[in-house]
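*Asks:* Next comes the sequence, and after it the predicted model I'd like to discuss.
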Amino acid sequence: MQNIMLVLASCILTAVGQIAFKKGMEKFANQTFSLATLPTTLLEMFLSPVIIIGFACFGSGAVVWLFALAKLELSYAVPLSGLTYILVLAAGILLFKEPLTMPKIIGTLCVAAGIGIISIR
């Protein structure tokens, strides 16, 4: 059970990191990226507190994932990490008002079913 909690913690941290990245990048949505503005844009991105939090969460999730991999079979752990997709889908809908489409529903149900099947030991 403790090993599953490592996977769950990694999924949550990774999802929070992705959400922070998306939130931090919203201000760049209407910006045209070019080679000339790339250095300033990158500097602004990497100094953004929200993006820094994203990297901290994403990086922490990766470290926790390493601990999970030390304890679990790879073929068992990786499918469980699909939970991240479900969390990110929910966040996209709830936080960013992204549309919930039939392909997203079907795909997420397939991922959830796969997680359920793979977790049977």
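*Replies:* Received the coordinates, thanks.
*Asks:* low-scoring stretches of the chain, by residue?
*Replies:* Along the chain, segments meeting pLDDT under 70 span 121.
*Asks:* For the most centrally placed residue in the chain, which three-state class applies?
*Replies:* Per Cα atoms, centre = their mean, the C-alpha nearest to the average position across the chain is that of A15, at 3.1 Å. Secondary structure assignment for A15 (DSSP: H, G, I helix; E, B strand; the rest coil): helix.
*Asks:* How much space separates the nearest residue in space to it that is not next to it in sequence from L69?
*Replies:* Nearest non-adjacent residue to A15, counting by Cβ to Cβ, 6 or more residues apart in numbering: L87, 3.8 Å away. (C-beta placed from N, C-alpha, C; glycine too.) To L69, L87 is 19 Å away according to Cβ to Cβ, to the nearest Å.
*Asks:* same check, this time on S119
*Replies:* Applying Cβ to Cβ to S119 and L69 gives a distance of 16 Å.
*Asks:* Could you do S81 as well?
*Replies:* From S81 to L69 the distance is 10 Å (Cβ to Cβ).
*Asks:* Lovely, talk soon.
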